[in-house]
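Enquirer: give me the fold of what follows.
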Amino acid sequence: MVKARNAAGPWSPPLLVKAAKGWIDPCPFWDDDGRAYLVNAMAASRSGIKSILVVSRMSADGTSLLDDGVLVFDGHDRNPTTEGPKFYKRNGYYYIFAPAGGVETGWQLALRSRNVYGPYEQRVVLAQGKTQINGPHQGGWVETLSGESWFTHFQDKGPYGRVVHLQPVKWIDDWPVIGADGEPVLKNGKPKVGKTWPVVTPPDSDEFNSTHLGLQWQWQANPKANWAFPAGQLGFLRLFNVPLPEGFQNFWDVPNLLLQKFPAPEFMVTTRLTFTPRADGEKTGLIVMGLDYAYLSIEKRADGLLLSQTVCKDAENHTPERAGPGISVPGNIFYLRVRVANDAVSNFSFSTDGVKFTPVGESFTVRQGRWIGAKVGIFAVGPGNVRECGYADFDWFRVE
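Expert: Residues are numbered from 1 along each chain as shown. Sure thing, here's the model as predicted:
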């Protein structure tokens, strides 16, 4: 548990509420009488137990559990992999909303009881049905100030990640009816919040003219100093050719990949860079990253710069990369491009003038990462054991 007076922080250091392995997806609940409870699921990969929900008494300040928990729901028969519970109370009923059946093919349950420990009635309140919205998974109920009820959940779309949906909710006989009679909808009137909000999307393109990285960027692992420096007043982002990890097999274990989530089902990324290597084996490029990944890179060789596509399948199993035939390229300013079509089919190309682009390599279908969608981004790496690292200056990264 962490707490703060302000949502923007500062937040307190994490406090251990329950020492247990494989207890997942906790949700606290404070009852009308001031008593507090916590509901959680179990992960078999860590506890050897799954498909059950446990309710524990909790101290009113949320700092500790007061007992060892009570099993209130067992989904083994009809609702395997029940997880992600959310705890509520409405009209004298206790409700636990929980998904079952797995993130790709599952459904959403609502459980209700007059007693916090049950027994709980159960009902499937949201399922794919005849729609294209598989899952739907890990949702939560929200009631607006105007009295409307809404349900938010995600849909696992493989390389496109876990896409968030908002569904209308009606209450009939004290049961939630979500979407269109229990099937998710793709279009609906917005919540009535007393104001109209413009349509916006998260940032993706970056001109690298700022003194800090945009929030769309994510390092592959916890960042270290000297990987990159914004040079906003100079108009670029500098990535240094950081030495590859010892025992390098593929980019699954490379931390200094600067990535962002796929922004749409179909898109194109173009980036302009200036490459200044110091040692043979240093390279920089544009990558689509996941369990299967591919990248377009420029590498310094003894006889000049070589541009090529590299592909890796089953990267998490430390499968070696496979490099395609290289192309000798002049100069040190390059435009790298990847087009991503439906079903995450990717095609790379490059240019030395930003006008004429030459295709490179094979069509490649990227897979999602672990627990996440695929990502697209940039990198600069080197062989190690060098006195001074070279670098790549990225002028911009544009998404269309």
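Enquirer: what's Glu104 in contact with, if anything?
Expert: By Cβ atoms under 8 Å, 6 or more residues apart in numbering, the contact list for Glu104 reads Asn134, Gly135, Asp156. To be clear about C-beta, it is placed using only N, CA and C from the backbone, and glycine gets the same treatment.
Enquirer: how about a cut-off of 6 Å?
Expert: Glu104 makes contact with Asn134, Asp156, according to Cβ atoms under 6 Å, 6 or more residues apart in numbering.
Enquirer: could you do Gln155 as well?
Expert: The contact partners of Gln155, taken as Cβ under 6 Å, 6+ apart, are Ile133, Gly135, Val163.
Enquirer: pretty sure Tyr88 is touching Tyr95, no?
Expert: Yes. Here Tyr88 reaches Tyr95: they are 4.4 Å apart, a contact under Cβ atoms under 6 Å.
Enquirer: of the two, which one has the most company?
Expert: A count of neighbours by other Cβ atoms under 10 Å puts Tyr95 above the other of Tyr88 and Tyr95, at 22 against 17.
Enquirer: quick one: contacts of stretch 252-263?
Expert: The set of residues external to stretch 252-263 that reach it, using Cβ under 6 Å, 6+ apart, is 160-161, 204, 216-218, 220-221, 227, 242, 245, 289, 315-316, 373-375, 377-379, 399.
Enquirer: can you tell me the SS state at the nearest residue to Val163 once chain neighbours are set aside?
Expert: Distances taken as Cβ to Cβ, 6 or more residues apart in numbering place Gln155 nearest to Val163, at 4.9 Å, with adjacent residues excluded. Three-state call for Gln155 (DSSP: H, G, I helix; E, B strand; the rest coil): strand.
Enquirer: next, work out how far apart Gln155 and Trp107 are.
Expert: Note on Gln155: its distance to Trp107, by Cβ to Cβ, to the nearest Å, is 12 Å.
Enquirer: now swap in Arg5 and tell me
Expert: Between Arg5 and Trp107 the computed distance is 39 Å (Cβ to Cβ).
Enquirer: when those two are compared, which one has more neighbours?
Expert: For Arg5 and Trp107, the more surrounded residue by other Cβ under 10 Å is Trp107, and the numbers stand at 19 against 9.
Enquirer: pLDDT score assigned to the residue of the chain positioned farthest from its centre?
Expert: The C-alpha centroid of the chain is most remote from Asp303, which lies 40.8 Å away (Cα atoms, centre = their mean). On pLDDT, Asp303 comes in at 94.
Enquirer: which stretch of helix or strand covers the residue nearest to it when sequence neighbours are not counted?
Expert: With sequence-adjacent residues excluded and distances taken as Cβ to Cβ, 6+ apart, Asp303 is closest to Ser328, at 7.8 Å. Secondary structure from DSSP states H and E places Ser328 in strand 327-329.
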